[in-house]
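# mind looking at a prediction? Sequence and model below.
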Amino acid sequence: MQQVEPMPTAMLGAHNLVKRYGTTTVVDGVSFDIAPGECLGVIGPNGAGKTTTIRMCLGLTVPDEGFVSAFGLRMPQDALAIKAQLGVVSQLDTLDPDFTCAENLLVYGRYFGMGAAQIRARTPQLLEFASLAHKANAKPGELSGGMKRRLSLARALVNDPKLLTHRRAT
């Protein structure tokens, strides 16, 4: 008898999501699961509901119908616990221009309740991962566009998230 591998538990699931703005339905019954190790791309024409769907998955917009689950928890009831396990890279630069690269990581990590010592211990490996170790004391204004994107990615990883997402600004 062949042993069957168990299906991995979804890290994030959208369950029959519906969102309306007035009389216009912009998301109509969207469902999907993201298992550990999977990558999901959401594509479609302008106005297809991509951004609204992602906003619902991140707890930034409440669905009119359906629900979002992540890590065995449910939005919006467990939004803070879910968000603590997410890493989000915004499309727009949201780095603090007054802080160095290392300080940007420190401040962002504090949003997750991380201690300064814990963040400082992670900072060198995050900057190395982003190929920015040599720019630890540089401010974002001194970085190229690509370096800023890599710093944004490192910042999204500061809390060691279980799931990483890219969010388009709207």
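Received it, and whenever you're ready, just let me know what you need. Nothing here was measured: the structure is a model prediction, and the numbers come from that model. Numbers count the residues shown, from 1 in each chain.
# every contact and neighbour count from this point should use C-alpha atoms.
Fine.
# does residue 130 touch residue 150 like I think?
Yes. Residue 130 is within contact range of residue 150, at 5.2 Å (criterion: Cα atoms under 8 Å).
# find residues that contact each of the two.
The overlap between the contact sets of residue 130 and residue 150 (Cα atoms under 8 Å, 6 or more residues apart in numbering) is empty.
# partners of the residue nearest the centre of the chain in the sheet?
The centre of the chain sits closest to residue 88, judged by Cα atoms, centre = their mean, with a distance of 2.5 Å. Note on residue 88: beta-bridge partners by DSSP bridges are residue 165.
# surely it and residue 159 touch.
No. Using Cα under 8 Å, residue 88 is not in contact with residue 159, being 10.7 Å away.
# find residues that contact each of these two.
Here residue 88 and residue 159 have no joint contacts, going by Cα under 8 Å, 6+ apart.
# show me which helix runs longest in the chain.
Of all segments of type helix in the chain, defined using DSSP state H, the longest is helix 116-129.
# what residues does whichever helix or strand comes after that one touch?
With elements assigned by DSSP states H and E, the helix or strand that comes after helix 116-129 is helix 145-156. With contact meaning Cα under 8 Å, 6+ apart, helix 145-156 is reached by 87-90, 93-95, 101, 104-105, 108-109, 126-127, 129-132, 140, 164.
# and stretch 87-103, by the same measure?
Applying Cα under 8 Å, 6+ apart, the external contacts of stretch 87-103 come out as 104, 123, 127, 135-141, 148-149, 151-153, 156-157, 159-169.
# again, only this time at 7 Å
Counting by Cα atoms under 7 Å, 6 or more residues apart in numbering, stretch 87-103 makes contact with 104, 123, 135-141, 152-153, 156-157, 161, 163-169, all of which sit outside it.
# what of stretch 46-57?
Applying Cα under 7 Å, 6+ apart, the contact partners of stretch 46-57 are 14, 26, 27, 42, 61, 62, 63, 68, 168.
# model confidence over it, on average?
The pLDDT scores in stretch 46-57 average 92.
# related to what we said a few turns ago, check which helices and strands the longest helix of the chain sits against.
helix 101-111 (3 or more Cα pairs under 7 Å, 6 or more residues apart in numbering; DSSP states H and E).
# next, the angle from the helix it packs on to helix 145-156.
With axes from the mean of the first three to the mean of the last three Cα atoms, to 10 degrees as the basis, helix 101-111 and helix 145-156 are set at 30 degrees to each other.
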